[in-house]
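In: output the structure for:
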Amino acid sequence: MAVPKKARERAAQLRETITTYRAFQHEKDLSPISPEALDSLKYELAALEETYPELVTPTSPTQVVAGAPLPFLKKVKHKVPQWSFNDAFTEADIRAFDERVRKVSGSPTTYDLELKIDGLKIVLAYEKGVLVTAATRGDGTIGEDVTHNIRTIRSIPQKLVRPLDIVVEGEVYLTRSGLAKLNRGREKRGEPLFANPRNAAAGSIRQLDSSIAAARPLEVFIYDIAQTSESFPPTQSEELAYLAKLGFPVNPEHRHANSLDEVFAFWKKWQGRAREKLDYQLDGIVLKVESHAQETLLGYTGKAPRFAVAYKFPPEQVQTVLEDIVLQVGRTGKLTPVAHLRPVAVAGSTVARATLHNEDFIKEKDIRIGDTVILQKAGDVIPEVVSVIMELRMKGVKSWKFPTHSNLCGGDGSIERVPANTGKSAAHRCKVAGSFEQQSRKLAHFAGKSALDIHGMGKETVRLLMEQNLVADFDDFFELTKDELLALEGFEETKADKLIKAVESAKKVPFDRLLIGLGIPHIGEENAYLLATRFGTLAALKGASEETLSRIEGIGPIIGKAVAEWFSDADNRALLIRLTKLLTVEKVVAPSKGPLTGQTVVVTGTLPTLSREEAEALVRRAGGKASGSVSKKTSFIVAGENPGSKFEKAKSLFIPVLDEAGLLDKLK
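Out: Numbering: from 1, shown residues only. Here you go, the predicted structure:
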């Protein structure tokens with residue numbers, strides 16, 4: 001069937017337009033039209049080609065999906081030997097590399113700095129501008145023919161803008177968002193999850209069935225020319241520009257460096273927060289001598305170029321000790337086990353926690369308290385335990401079992417196991433609804449002004465930290481790191497610094513303030529002060545019997561029972577052990593005699609300069625008792641603006657009323 005002229009012209013326009021928009025999207029990070037609009041163009045082109053098969057061309061955007069599976073991967077001999085970079089890990093390594101370069105070249109040296117994508121190296125060969133082979137690096141001489149899979153990557157041009165012969169090198173990678181989507185699908189199907197984008201990309205490219213690669217969001221950056229029939233650009237920066245003009249996707253995040261200070265600044269930028277904003281994984285930067293004339297002079301060693309080096313980021317896998325497993329409650333009441341670790345540096349930040357997902361995850365990996373574990377961080381806020389080093393397991397370490405009750409769950413604290421859906425692991429949750437809200441209020445109270453007074457740790461911040469599995473209980477506040485905060489929405493450098501500083505300040509806490517923060521029933525400021533001055537230390541209070549507590553004047557049997565029960569609870573005792581490792585609890589000593597000894601004072605309303613808590617603390621330090629209610633035993637009240645019903649009751653009982661100045665005068 002003859003193809004109408006209009007259809008032929010339309011198909012040609014669609015091919016050109018789609019290719020142009022793809023180039024904008026992948027090379028310049030621009031979207032002239034919405035993704036939905038671009039999809040509609042692709043659908044139209046596919047429909048035309050289905051109606052008129054003669055319109056199909058090898059370079060058509062619809063031809064990125066390859067055909068039938070191959071029986072095996074053919075081998076390809078590289079036209080140009082392929083090398084791997086030597087690695088550098090410290091500034092000293094880079095200075096030594098620079099010194100060698102300058103010594104051999106005998107002239108000043110500048111560098112082109114590029115991001116080192118954590119993917120799979122690919123070598124593309126074009127003849128007369130058309131892609132003919134795509135191969136893996138292999139052993140440097142022989143690679144695997146993966147042309148059928150590479151053709152499924154839409155950002156790789158099937159035909160160049162000019163009919164030249166060229167061999168280029170680049171990196172195939174899977175986006176982080178693509179990996180997350182891919183793993184969600186695999187989880188639903190009950191398939192094993194990919195550990196990282198690099199493995200997923202490599203596994204996709206080495207498939208016989210190209211439909212597998214086509215279904216995965218693979219991308220590529222081209223960064224070098226191995227061979228070309230045209231004149232070679234004189235510098236690495238011009239080489240990248242040359243590649244981009246030919247239609248290759250080139251990473252825009254590269255820059256020229258005239259000094260090592262600029263090199264280190266570039267490394268620090270991408271090793272830091274900027275790295276987390278990318279949708280692909282980096283494992284370092286690459287320094288390449290800018291001048292190709294100098295590159296030729298420097299040459300190669302047996303395995304690597306002398307003119308380039310990979311400056312790696314800190315390792316993303318380390319070993320550490322798992323010291324405890326605690327539960328974190330989510331918005332829906334779902335409970336997630338979180339590993340408390342011996343703090344360790346991983347991927348450039350200090351880590352003290354790692355998610356353990358669920359009971360099945362712990363059983364599968366046989367994770368136990370006290371184990372030495374391999375920890376991995378690949379851009380997430382909270383890292384993951386990869387495996388246990390069984391050879392380092394201590395004798396007698398017992399398997400961890402999900403508890404049946406938790407203080408996180410409120411009410412009777414009961415926990416229930418939720419059966420697994422298809423392809424998912426079973427979960428646990430609190431039986432009582434609203435447990436997340438209850439725990440967030442407890443944590444906000446602990447960090448609040450009347451307790452530990454952590455400036456900046458308001459209700460919304462507490463909720464955010466809980467949602468990100470960074471804070472489950474009181475002790476977690478004191479293991480937060482700046483890197484964890486910077487990864488959260490709404491946190492920048494200054495805000496993170498201030499909150500970390502506030503947390504550090506709160507690590508030195510008066511005994512009574514800690515008791516207030518713990519949320520023991522009936523223990524407010526006055527009773528906390530009474531217990532703190534009576535017992536002196538946590539150990540002494542923890543060891544006090546219900547009978548002893550009940551006999552204390554001002555405590556009585558109801559409060560005494562509540563305090564004894566709180567300290568006898570196993571979860572609370574474990575929490576105190578963790579807290580005392582992190583905090584310095586200061587003794588609170590009651591004055592033997594002061595200007596307010598024997599007097600009971602009530603503070604009400606808003607005072608000019610003192611908060612209610614500060615005014616009551618002054619009363620106690622002066623030997624008086626700060627009460628929350630007015631009675632005939634009240635010696636006087638201190639009233640500020642809007643004093644409310646306490647003021648009216650004091651007047652009706654003919655109790656003296658002082659302002660803030662009057663209180664301060666009495667304290668003299």
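In: now Ser107, what are its backbone angles?
Out: Recorded main-chain torsions at Ser107 are phi -150, psi 160, according to degrees, to the nearest 10.
In: just give me the neighbour total for it.
Out: Ser107 is flanked by 11 other residues according to other Cβ atoms under 10 Å. Placement of C-beta: from N, CA and C, glycine included.
In: give me the nearest residue to it, chain neighbours excluded.
Out: The shortest distance from Ser107 to any residue other than its chain neighbours is 7.3 Å, reached at Gln294 (Cβ to Cβ, 6 or more residues apart in numbering).
In: what sits against that neighbour?
Out: Contacts for Gln294 (Cβ atoms under 8 Å, 6 or more residues apart in numbering) come out as Val101, Ser105, Ser107, Thr109, Phe307.
In: so among the residues you listed, where is pLDDT lowest?
Out: Per-residue confidence across the contacts of Gln294 is lowest for Ser107, with 82 (pLDDT).
In: how far away is that one from Ala293?
Out: Using Cβ to Cβ, to the nearest Å, Ser107 is found at 10 Å from Ala293.
In: got a list of what Phe264 touches?
Out: Glu91, Ile94.
In: in which helix or strand does it reside?
Out: Assigned by DSSP states H and E, Phe264 belongs to helix 260-271.
In: give me the buried entries from the contacts of Gln294.
Out: Val101, Ser105, Thr109, Phe307 (16 or more other Cβ atoms under 10 Å).
In: in three-state terms, label the third one for me.
Out: Counting by DSSP: H, G, I helix; E, B strand; the rest coil, the backbone at Thr109 sits in coil.
In: quick one: it and Asp98 touch, right?
Out: Yes: at 7.0 Å, Thr109 and Asp98 qualify as touching, with contact defined as Cβ atoms under 8 Å.
In: which strand residues bridge Glu169?
Out: Beta-bridge pairing of Glu169 under DSSP bridges involves Val123, Asp224.
In: residue contacts, the closest residue in space to Val289 that isn't next to it in sequence?
Out: In this structure, Val289 finds its nearest non-sequential neighbour in Phe307, 4.1 Å apart by Cβ to Cβ, 6+ apart. Counting by Cβ under 8 Å, 6+ apart, Phe307 makes contact with Val101, Lys288, Val289, Gln294, Glu295, Leu298, Gly299.
In: in helices, which of these appear?
Out: Val101, Gln294, Glu295, Leu298 (DSSP state H).
In: pick out the most distant pair among those.
Out: The most widely separated members of the ones in helices among the contacts of Phe307 are Val101 and Glu295, with 9.9 Å between them, by Cβ to Cβ.
In: quick one: common contacting residues for those two?
Out: Counting by Cβ under 8 Å, 6+ apart, the shared contacts of Val101 and Glu295 are Val289, Phe307.
In: chain center to stretch 225-241: distance?
Out: Using Cα atoms, centre = their mean, to the nearest Å, we find the averaged C-alpha position of stretch 225-241 to lie 39 Å away from the chain's own average C-alpha position.
In: now the end-to-end length of it.
Out: Across its full length, stretch 225-241 reaches 11 Å between end residues, using Cα to Cα, to the nearest Å.
In: what sits up against that stretch?
Out: Taking Cβ under 8 Å, 6+ apart as the criterion, the residues outside stretch 225-241 that touch it are 78-80, 82, 112, 114, 123, 164-169, 223-224, 242-243, 250, 254, 256, 288-293, 295.
In: how close does Leu124 get to His292?
Out: To His292, Leu124 is 20 Å away according to Cβ to Cβ.
In: between these two, which is the more surrounded one?
Out: Remark: of Leu124 and His292, Leu124 carries more neighbours, 22 against 18, as counted by other Cβ under 10 Å.
In: who's in contact with the helix or strand that contains Lys581?
Out: Secondary structure from DSSP H and E places Lys581 in helix 570-582. The list of residues contacting helix 570-582 from outside it, by Cβ under 8 Å, 6+ apart, reads 324, 340, 406-407, 473-475, 478-479, 507, 514, 518, 538, 542, 566-567.
In: count of neighbours near the closest residue to Lys334 other than its chain neighbours?
Out: Using Cβ to Cβ, 6+ apart and skipping residues adjacent in sequence, the residue nearest Lys334 is Arg429, 4.7 Å away. Neighbours of Arg429 under the rule other Cβ under 10 Å: 19.
In: again, but for Thr133
Out: Counted with other Cβ under 10 Å, residues neighbouring Thr133 total 19.
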